[in-house]
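Enquirer: My questions concern the predicted model and sequence given below.
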There are 2 protein chains.
Amino acid sequence: MQNLTRDELRQRLLACGLKATHQRIVVFETVMALHGQHPVAEEVYQLLKPANPSISLGTVYKTLDTFVESGLINRVFTEEGGKRYDPNTEAHSHIYCSNTKEIIDFEDAELDQLLLEFFKTRNMENFQFRSCSVQLMGCKVEPDKKVTIQRVSK
Amino acid sequence: MQNLTRDELRQRLLACGLKATHQRIVVFETVMALHGQHPVAEEVYQLLKPANPSISLGTVYKTLDTFVESGLINRVFTEEGGKRYDPNTEAHSHIYCSNTKEIIDFEDAELDQLLLEFFKTRNMENFQFRSCSVQLMGCKVEPDKKVTIQRVSK
DNA sequence: ACTTAGATAAGAATGATTCTTACTTGGTAA
DNA sequence: TTACCAAGTAAGAATCATTCTTATCTAAGT
């Protein structure tokens, strides 16, 4: 996830048919810089506020929802209620820690492949499949350290 | 999912170390009758209110959370925010329809098996695994008809 | 039946999100 | 370039779900 310049951000907005306003560019920039995290609107607002004190919280809420509708970002599913956003639009799964309440990206090409293969063996009636992902529930052993999930080396 | 008698419900509450109050029995009974659905607290409240007009909404909220803590029911992950509950505590996945906003249970033993096998091939560092499930995103073709996902017959 | 820790009713308080309205602006076309 | 207007925004009011508070009540053990 390279950092995009404001002009590149502007292009992506226009490509979605959205007016490239200053507010949208800044919200987009801020949320993209949080790749790997899953912020709520308020958090995005707090981050961009110092450099952009005139942008209102309501605009951040509205803008994030607009981005989801346009597919620029995703919502992430939560157990607690509350809307969280995910800058990562690649297929990936999430790890939910019941201890720290963290939501951690889990990218695993083999898993994605496995699921795709699986759903090829299924006949879906009356359902137009868009995507699927896995949610892993559990808890961090040491709350301050990172979680890693990797292939077992033979 | 057979209907449990009130005495059986009472036993299950006591087995979890919970006082078997009238309110808890009624909330438990109501939510269990919604097997396959994923109600919010308000919906449970509306259902039990006619026969139990003295139970307050706050109690329903609190009781449902107590049940989740005790493992009698689960929360279900939502994209919209808002807390929904799942009477089904067996391992299963969910289908999310972006059209009707429905959340539909998807039980598939082969999928569960596949995931278990997969995670055996992974080494988790600093994470105590509890469970996992799949979420299927898409939309119903005909909103009023049921979705079915079944093995393709050879 | 007596006791008491825990549970509840009622409604106030909170907090997140949406809505309203008057004002502003990006992008288009003259 | 300028003028125009559909769309976007700021500000704050309104709404809605959920939690909290407190006085009262009750299940279950003695």
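Expert: Yes, it's here. Residues are numbered from 1 along each chain as shown, chains lettered A, B, ... in the order given.

Enquirer: So residue A:100 lies in a strand, does it not?
Expert: No: according to DSSP: H, G, I helix; E, B strand; the rest coil, residue A:100 belongs to no strand; its state is coil.

Enquirer: Can you tell me, leaving aside adjacent residues, what's nearest to it?
Expert: Among residues not flanking residue A:100 along the chain, residue A:143 sits closest, at 5.1 Å (CB to CB, 6 or more residues apart in numbering or on different chains). Placement of C-beta: from N, CA and C, glycine included.

Enquirer: same question, residue A:39
Expert: Nearest to residue A:39 is residue A:85, by CB to CB, 6+ apart, at 6.0 Å.

Enquirer: What is the three-state secondary structure of the one you found?
Expert: strand.

Enquirer: One more: the one 4 residues further on?
Expert: Three-state assignment for residue A:89 (three-state DSSP): coil.

Enquirer: quick one: buried residues of the longest helix seen in chain A?
Expert: The longest helix of chain A (DSSP state H) is helix A:57-70. Neighbour counts over helix A:57-70 (16 or more other CB atoms under 10 Å in any protein chain shown) mark A:59-61, A:63-64, A:66-68 as buried.

Enquirer: Pull the CA coordinates from that helix and hand them back as CSV.
Expert: Only the C-alpha atoms of helix A:57-70 are listed here, as CSV (Å, rounded to 0.1, in the frame of the first residue of the first chain):
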residue,chain,number,x,y,z
LEU,A,57,-17.6,15.4,11.9
GLY,A,58,-20.9,15.0,10.0
THR,A,59,-19.0,15.3,6.7
VAL,A,60,-16.6,12.6,7.8
TYR,A,61,-19.5,10.3,8.5
LYS,A,62,-21.2,11.1,5.2
THR,A,63,-18.0,10.8,3.2
LEU,A,64,-17.0,7.5,4.6
ASP,A,65,-20.4,6.1,3.7
THR,A,66,-20.1,7.6,0.2
PHE,A,67,-16.8,5.8,-0.2
VAL,A,68,-18.3,2.5,0.9
GLU,A,69,-21.1,2.9,-1.7
SER,A,70,-18.5,3.6,-4.4
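
Enquirer: what distance separates it from the centre of its chain?
Expert: Averaging C-alpha positions (CA atoms, centre = their mean, to the nearest Å) puts helix A:57-70 14 Å from its chain's average.

Enquirer: Determine the number of other residues adjacent to residue A:94.
Expert: Neighbours of residue A:94 under the rule other CB atoms under 10 Å in any protein chain shown: 22.

Enquirer: Return the angle between stretch directions for the helix or strand residue A:137 falls within and strand B:127-140.
Expert: Taking DSSP states H and E as the definition, one finds residue A:137 inside strand A:127-140. Following axes from the mean of the first three to the mean of the last three CA atoms, to 10 degrees, one obtains 160 degrees for the angle between strand A:127-140 and strand B:127-140.

Enquirer: The residue nearest to residue A:39 touches residue A:43, doesn't it?
Expert: No: if you go by CB atoms under 8 Å, residue A:85 and residue A:43 don't touch, sitting 9.3 Å apart.

Enquirer: SS state for residue A:13?
Expert: What three-state DSSP gives for residue A:13 is helix.

Enquirer: what's the neighbour count on it?
Expert: Residue A:13: 20 neighbours (other CB under 10 Å).

Enquirer: Next: residue A:85.
Expert: With other CB under 10 Å as criterion, residue A:85 counts 21.

Enquirer: Quick check: it vs residue A:35, distance?
Expert: Distance, residue A:85 to residue A:35, by CB to CB, to the nearest Å: 11 Å.

Enquirer: cool, residue A:105 as well?
Expert: Using CB to CB, we find residue A:105 at a distance of 9 Å from residue A:35.

Enquirer: Quick check: neighbours shared by these two?
Expert: Common neighbours of residue A:105 and residue A:35 (criterion: CB atoms under 8 Å, 6 or more residues apart in numbering or on different chains): residue A:88.

Enquirer: of those two, who's got more company?
Expert: Using other CB under 10 Å, the more surrounded residue of residue A:105 and residue A:35 is residue A:105, with 17 against 13.

Enquirer: so that one touches residue A:90, yeah?
Expert: No: here residue A:105 does not reach residue A:90: they are 9.3 Å apart, not a contact under CB under 8 Å.

Enquirer: how about JSON lines for the buried residues of helix A:57-70, with distance to residue A:100 and pLDDT added?
Expert: Putting the buried residues of helix A:57-70 into JSON lines (distance: CB to CB, whole Å; pLDDT from 0 to 100) gives the following:
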{"residue": "A:59", "distance to residue A:100": "30", "pLDDT": "98"}
{"residue": "A:60", "distance to residue A:100": "25", "pLDDT": "98"}
{"residue": "A:61", "distance to residue A:100": "25", "pLDDT": "98"}
{"residue": "A:63", "distance to residue A:100": "28", "pLDDT": "98"}
{"residue": "A:64", "distance to residue A:100": "23", "pLDDT": "98"}
{"residue": "A:66", "distance to residue A:100": "30", "pLDDT": "98"}
{"residue": "A:67", "distance to residue A:100": "27", "pLDDT": "98"}
{"residue": "A:68", "distance to residue A:100": "25", "pLDDT": "97"}
